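>>> got a structure for you, letters missing:
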């Protein structure tokens, strides 16, 4: 048997696995990435897009921490848009349609040229432990790799099974191999698992669709990019998304054939994604909605493939073809790849610490869809965090743990580890109680210092950030110091912008909060001393315009952080807390929260319960001190 030794082994070459392997190797750990298929590195088996509200925030945070997903997206973008521009700075984010081939190539090149990182096409069959902690893995090719840590990024491959009508077969996404031995090994280690489902849409040949019957949407007419250090690019009108709707004929086809859906026959029983339901789910949940919006989205510069957003299905192939032909402009459309549903095993995420390390098996970290999440962005963010913490564990250092007020990634991990999930978890802006503090424009201010501290941001990039922060601070100080006075000139400029005229002398920062006033107007009245980029301007403008709200939100976050700062010792005896309700006691013993703040976020645990635990913690601390 072949033997080799590593500090970190990453199982899975998807979005989570790529980020985990790159992070751990860059921190200085000898790392092995094990993939079922190197050719399918960072595969995009569903919608070939990156970003959007909350998801785009995660991509930006990965960039701020020193990860690669933002750069992979920039290297493969076909068209790009701002979303939620009318809803305020807190929820504004980029979304891009990406070429899956170019996206995958970007990651594959990095992985195969990264020092301290080996990439091997093989299947992990068994996780090995010694004295209760991870010690290595056995593979299908007969290799025995020893390792101090393993990062499991199995995606939807664990016991994956594909459904197309009454046809089903073991498979990973898009016909790839699945993994059947590893789930057995996980079960033997006492890890609790569940089953989830996701679906994808038929892919169509663009040359067989009359897109004149749909409404096109092109890229923004401004240079854009995801990466903090990227060069914004103007994408023009080379590619577009085309908006349309299903028809009454589509509804009639569904009515005739819904009994053939595996969701109805009972062949598929697992919960699917709530916020991205299949066309059958929509028909069953909203029977009074006769039509639904769909979008024809570009897939690649090298193929004729079109992805039909909001049209995922696991109905039989003949029904899929009939439904496709009922769509406007698709009377002669040809299916390149059929839609399908896929069931897969996932690990209940309440078994994890906030570092994404298993509570009962030291050295085992988990990231991505194997934790019950959906989406490339959620996977990449978890992968980065798990890779960093696996490396820090090897080095004997404290893990990187983010608070809910520090990043969407902090919210994501806290939700998973505190509340678990029985359906594919999707990051939403509504899940973040401090979203005004977690904006797109301030990701670097919140998180770059962590990336720098663990070694993922080099000297050159750090100097760039420091220069940027300096320009923003100086411009902010200038606007708070310089004043604007009512005058004919000011009145004229305000008239051009349709803005409110100042009634009295005030600072430019105060004036910026008035109706219709923006930075462009301020710049006309008082040009800055140095040139700022569009992103720097956006940050300065947002910080000044929402100053009062930001200060209030920061105070609320600080109060909540007080609870998170009170740690609950591992192995704490909840039975010793008199007065806890039975439901609360059961949940506290099951979830084993790491702090009072986390305990407070568990459904069914009340502030009174947390106060009772707090009293015992204080008493125990006093007794230990004495």
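Ah, there it is. Quick caveat: nothing in here was measured; it's all calculated off a predicted structure.
>>> The helix or strand of the chain with the lowest mean pLDDT: which residues count as buried?
Here the helix or strand of the chain ranked lowest by mean pLDDT, DSSP states H and E is helix 607-625, holding a mean of 82. Buried residues in helix 607-625, counted by 16 or more other Cβ atoms under 10 Å: 609, 610, 612, 613, 614, 616, 617. Glycine gets a C-beta too; all of them are placed from N, C-alpha and C.
>>> ditto for stretch 536-550
So, applying 16+ other Cβ under 10 Å, buried residues of stretch 536-550: 536-547, 550.
>>> Roughly how far does residue 501 sit from residue 489?
11 Å (Cβ to Cβ, to the nearest Å).
>>> does residue 241 really touch residue 79, like I thought?
Yes: counting by Cβ atoms under 8 Å, residue 241 touches residue 79, with 6.8 Å between them.
>>> so what sits against both of these two?
Contact criterion Cβ atoms under 8 Å, 6 or more residues apart in numbering; residues shared by residue 241 and residue 79: 97, 298.
>>> does residue 251 really touch residue 290, like I thought?
Yes: counting by Cβ under 8 Å, residue 251 touches residue 290, with 4.9 Å between them.
>>> can you pull out the strands in the stretch 351-500 of the chain?
364-366, 483-484 (DSSP state E, counting those that start in this stretch).
>>> what would those look like in TSV with mean pLDDT and distance to residue 398?
Listed next are the strands of the stretch 351-500 of the chain as TSV, based on pLDDT from 0 to 100; distance: least, Cβ to Cβ, whole Å:
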stretch	mean pLDDT	distance to residue 398
strand 364-366	98	15
strand 483-484	94	47
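>>> Can you add distance to residue 569 and mean neighbour count and give those back as CSV?
CSV is the format used below for the strands of the stretch 351-500 of the chain (distance: least, Cβ to Cβ, whole Å; neighbours: other Cβ atoms under 10 Å):
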stretch, distance to residue 569, mean neighbour count
strand 364-366, 22, 28
strand 483-484, 55, 18
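>>> Let me have those in CSV, adding distance to residue 412 as columns.
What follows is these, written out as CSV (distance: least, Cβ to Cβ, whole Å):
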stretch, distance to residue 412
strand 364-366, 13
strand 483-484, 43
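>>> Among the ones you listed, single out whichever gets nearest to residue 202.
Evaluated over the strands of the stretch 351-500 of the chain, closeness to residue 202 peaks at strand 364-366, with 32.1 Å, by Cβ to Cβ.
>>> Distance from the chain centre to that closest one, please.
Its chain's C-alpha centre and that of strand 364-366 lie 18 Å apart, by Cα atoms, centre = their mean, to the nearest Å.
>>> Over to stretch 207-214?
With Cα atoms, centre = their mean, you get 32 Å for stretch 207-214.
>>> Give me the contact list for that stretch.
Under Cβ under 8 Å, 6+ apart, the answer for stretch 207-214 is 242-244, 296, 304, 306, 328-334.
>>> quick one: which of those residues has the most company?
residue 306 (27 neighbours; other Cβ atoms under 10 Å).
>>> What is the helix or strand hosting it packed up against?
Under the criterion of DSSP states H and E, residue 306 resides in strand 305-309. If contacts are counted by 3 or more Cβ pairs under 8 Å, 6 or more residues apart in numbering; DSSP states H and E, strand 305-309 sits against strand 203-205, strand 293-298.
>>> in the last one, what counts as buried?
So the one you mean is strand 293-298. Those would be 294, 295, 296, 297, 298, for strand 293-298 by 16+ other Cβ under 10 Å.
>>> Number of residues surrounding residue 555?
Neighbours of residue 555 (other Cβ under 10 Å): 10.
>>> Sorry, slip of the keys, the one I care about is residue 260.
Other residues close to residue 260 by other Cβ under 10 Å number 15.
>>> just residue 567 next, same as before
14.
>>> Residue 96 too?
24.
>>> Note down every partner strand of the helix or strand hosting it and its orientation.
According to DSSP H and E, residue 96 maps onto strand 93-98. Strand pairing for strand 93-98, determined by DSSP bridges: strand 49-51 (antiparallel), strand 77-83 (antiparallel).
>>> now for those strands, which one comes closest to residue 422?
strand 49-51 (25.9 Å).
>>> Now do that closest one: distance to the chain's middle.
For strand 49-51, the gap between its own C-alpha mean and the chain's C-alpha mean amounts to 10 Å (Cα atoms, centre = their mean).
>>> what sits up against stretch 240-251?
Residues contacting stretch 240-251 (Cβ under 8 Å, 6+ apart): 79, 97, 211, 213-218, 279, 283, 290-298, 309, 311, 323, 326-329.
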